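J.: The following comprises the amino acid sequence and a computationally predicted model.
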Amino acid sequence: QVQLEESGGGVMRPGESLRLACVASGNIFRINTMGWYRQAPGKERELVASIIGGSSPRTNYVDSVRGRFTVFADHAKNTVWLQMNNLKPEDTAVYSCTMNIYYSTTGSVDYWGQGTQVTVSP
């Protein structure tokens, strides 16, 4: 069993920065993909950013955050971060991290964190 714990959410003003962290603990063999989703009230959940690989990671961002958000990870610490700069009110949402973890016996399994609230308000 694996647990993901997010931290770093809060109430911010437009233009400010915030960094979210997600740490995985438990039975971890190999992490394939790490990512951050968000869900705003009344909207569908969307993938904000993802990162694949360790030594030469590939990242991907939704258009609305590209250039403002940065996802980075430390596989040795089983941790992924989301650095959010120049926050906008439309970034208000519950942010959840996810990790796809590979096991030689069962294949890949997706795990999710509980989510952390980010509110951007003047």
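T.: Here it is on my side, so go on.

J.: mind listing what the residue nearest in space to the middle of the chain touches?
T.: In the chain, the C-alpha nearest the mean C-alpha coordinate belongs to Trp36, at 2.6 Å (C-alpha atoms, centre = their mean). Neighbouring residues of Trp36 by C-beta atoms under 8 Å, 6 or more residues apart in numbering: 20, 22, 47-50, 71, 80, 82, 95-98. All C-beta spots, glycine's among them, are computed from the backbone N, C-alpha and C.

J.: go with 7 Å
T.: By C-beta atoms under 7 Å, 6 or more residues apart in numbering, the residues touching Trp36 are 20, 48-49, 71, 82, 95, 97.

J.: Among those, the buried ones, what's the PyMOL command?
T.: Buried subset of these, written as a PyMOL selection, criterion 16 or more other C-beta atoms under 10 Å:
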select buried, resi 20+48+49+71+82+95+97
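
J.: got JSON lines for the contacts of Trp36, with secondary structure and pLDDT too?
T.: Shown next, in JSON lines, are those (DSSP: H, G, I helix; E, B strand; the rest coil; pLDDT from 0 to 100):
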{"residue": "Leu20", "secondary structure": "strand", "pLDDT": "98"}
{"residue": "Val48", "secondary structure": "strand", "pLDDT": "98"}
{"residue": "Ala49", "secondary structure": "strand", "pLDDT": "98"}
{"residue": "Val71", "secondary structure": "strand", "pLDDT": "98"}
{"residue": "Leu82", "secondary structure": "strand", "pLDDT": "98"}
{"residue": "Tyr95", "secondary structure": "strand", "pLDDT": "98"}
{"residue": "Cys97", "secondary structure": "strand", "pLDDT": "98"}
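
J.: Trp81 is in contact with Phe72, isn't it?
T.: Yes. Trp81 is in contact with Phe72 according to C-beta atoms under 7 Å; the separation is 5.5 Å.

J.: who has more neighbours, those two?
T.: Between Trp81 and Phe72, Trp81 has the larger neighbour count (other C-beta atoms under 10 Å), namely 20 against 15.

J.: Now do whichever strand or helix holds Phe72: which elements does it pack against?
T.: Assigned by DSSP states H and E, Phe72 falls within strand 69-74. The contact analysis (3 or more C-beta pairs under 7 Å, 6 or more residues apart in numbering; DSSP states H and E) places strand 69-74 against strand 46-52, strand 79-84.
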